[in-house]
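Peer 1: Below are the sequence and a predicted model for it; my questions follow.
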Amino acid sequence: MMPLHTNPADVPEPVQQAIRTIIEWAGDDPSREGLEDTPRRVARAWREYCRGYAEDPARHLERVFYEVGGYDEIVLLKDIPFQSHCEHHMAPIVGKAHIAYLPRNHVVGISKLARVLHAYARRLQVQERLTAEVADCIWRHLKPQGVAVVIEATHGCMTSRGVNTPNVAMKTSRMMGVFRDDERSRKEVLDLMGV
Ligand SMILES: Nc1nc2c(ncn2[C@@H]2O[C@H](COP(=O)(O)OP(=O)(O)OP(=O)(O)O)[C@@H](O)[C@H]2O)c(=O)[nH]1
Ligand SMILES: [Zn+2]
């Protein structure tokens, strides 16, 4: 198979033209040598940033395990690094997520929680919706007793432009089931997350 970078057909011309237009509008010459291949690279990079659109996040939760010795305590995946892009400026959102659930009678492979996160993060997002989508997906498809998702992230659109305020993090959370309804369970999961 021909490597992707030698196949001129891999990025449609109108997409490359759009990027050339932005380069020109920004004040540079898209035909100069250093920028010649940039439209194609940028397009491929955006394919990657947005590859979540091609994924069904729920698919990652299809394989479940019942033989877990009656395990009925919190399962937490902590400090999962992720990257996304804000839908307002298409600027990077960089942060970490903590995802916990209280199983009913089965669990999933722990990597799958991170896979669900990335499937939603690799889209144009706002942090609130990303947080809610991850929690809702686990709630609907795993049917656990509770789900808790906390996300802490910095937004490029705030740190490197606009209000230009570095080192400021946005924190969002979504609690479902026992973590929403029971004060003790909520406190337990937040303590485990260390947030
Ligand atoms: N609630 C929320 N806001 C976000 C997120 N990402 C970016 N924003 C904000 O979206 C807002 C868009 O505001 P606008 O006034 O339409 O855009 P703008 O003129 O570029 O705003 P400034 O960023 O203040 O310069 C800004 O306040 C951003 O900080 C997010 O994930 N959640
Ligand atoms: Zn933004």
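Peer 2: Arrived safely, thanks for sending. Ligands and ions are numbered 1, 2, ... in the order given.

Peer 1: Alpha carbons of the helix or strand hosting residue 41, in PDB - could you do that?
Peer 2: Secondary structure assigned from DSSP states H and E places residue 41 in helix 38-49. This file holds the C-alpha atoms of helix 38-49, laid out as PDB (Å, rounded to 0.1, in the frame of the first residue of the first chain):
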ATOM      1  CA  THR A  38       1.500  22.400   5.500                       C
ATOM      2  CA  PRO A  39      -2.200  22.300   4.300                       C
ATOM      3  CA  ARG A  40      -2.000  18.500   3.900                       C
ATOM      4  CA  ARG A  41      -0.300  18.100   7.300                       C
ATOM      5  CA  VAL A  42      -2.800  20.300   9.000                       C
ATOM      6  CA  ALA A  43      -5.700  18.400   7.500                       C
ATOM      7  CA  ARG A  44      -4.300  15.100   8.600                       C
ATOM      8  CA  ALA A  45      -3.600  16.400  12.100                       C
ATOM      9  CA  TRP A  46      -7.200  17.500  12.300                       C
ATOM     10  CA  ARG A  47      -8.400  14.100  11.100                       C
ATOM     11  CA  GLU A  48      -6.500  12.800  14.100                       C
ATOM     12  CA  TYR A  49      -7.800  15.400  16.600                       C
END
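
Peer 1: Give me the buried positions along it.
Peer 2: Buried residues in helix 38-49, counted by 16 or more other Cβ atoms under 10 Å: 38, 39, 40, 42, 43, 49. Just so you know, the C-beta spots here come from the backbone N, C-alpha and C atoms, and that holds for glycine as well.

Peer 1: Closest one of the residues you listed to residue 83?
Peer 2: Lowest distance from residue 83 to these (Cβ to Cβ) belongs to residue 49, with 7.7 Å.

Peer 1: these two touch, right, the closest one and residue 82?
Peer 2: No: applying Cβ atoms under 8 Å as the test, residue 49 and residue 82 come out as separate, 11.8 Å apart.

Peer 1: circling back: which residues touch the helix holding residue 41?
Peer 2: 4-5, 10-11, 15-20, 23, 30, 83, 85, 122 (Cβ atoms under 8 Å, 6 or more residues apart in numbering).

Peer 1: Now, of those, which are buried?
Peer 2: Neighbour-count burial (16+ other Cβ under 10 Å) applied to these gives 11, 15, 16, 19, 20, 23, 30, 85, 122.

Peer 1: Okay, and the fourth one sits in which element?
Peer 2: This points to residue 19. Using DSSP H and E, residue 19 sits in helix 13-26.

Peer 1: Show me what that helix is packed up against.
Peer 2: Applying 3 or more Cβ pairs under 8 Å, 6 or more residues apart in numbering; DSSP states H and E, we find helix 13-26 packed against helix 38-49.

Peer 1: For this structure, which residue gets nearest to ligand 2?
Peer 2: Closest approach between the chain and ligand 2, counting by Cβ to the ion: residue 157, at 2.8 Å.

Peer 1: Who are the packing partners of the helix or strand bottoming out on mean pLDDT in the chain?
Peer 2: Scoring the helices and strands of the chain by mean pLDDT, DSSP states H and E places strand 64-65 at the bottom, with a mean of 92. Using 3+ Cβ pairs under 8 Å, 6+ apart, the elements in contact with strand 64-65 are strand 107-108.
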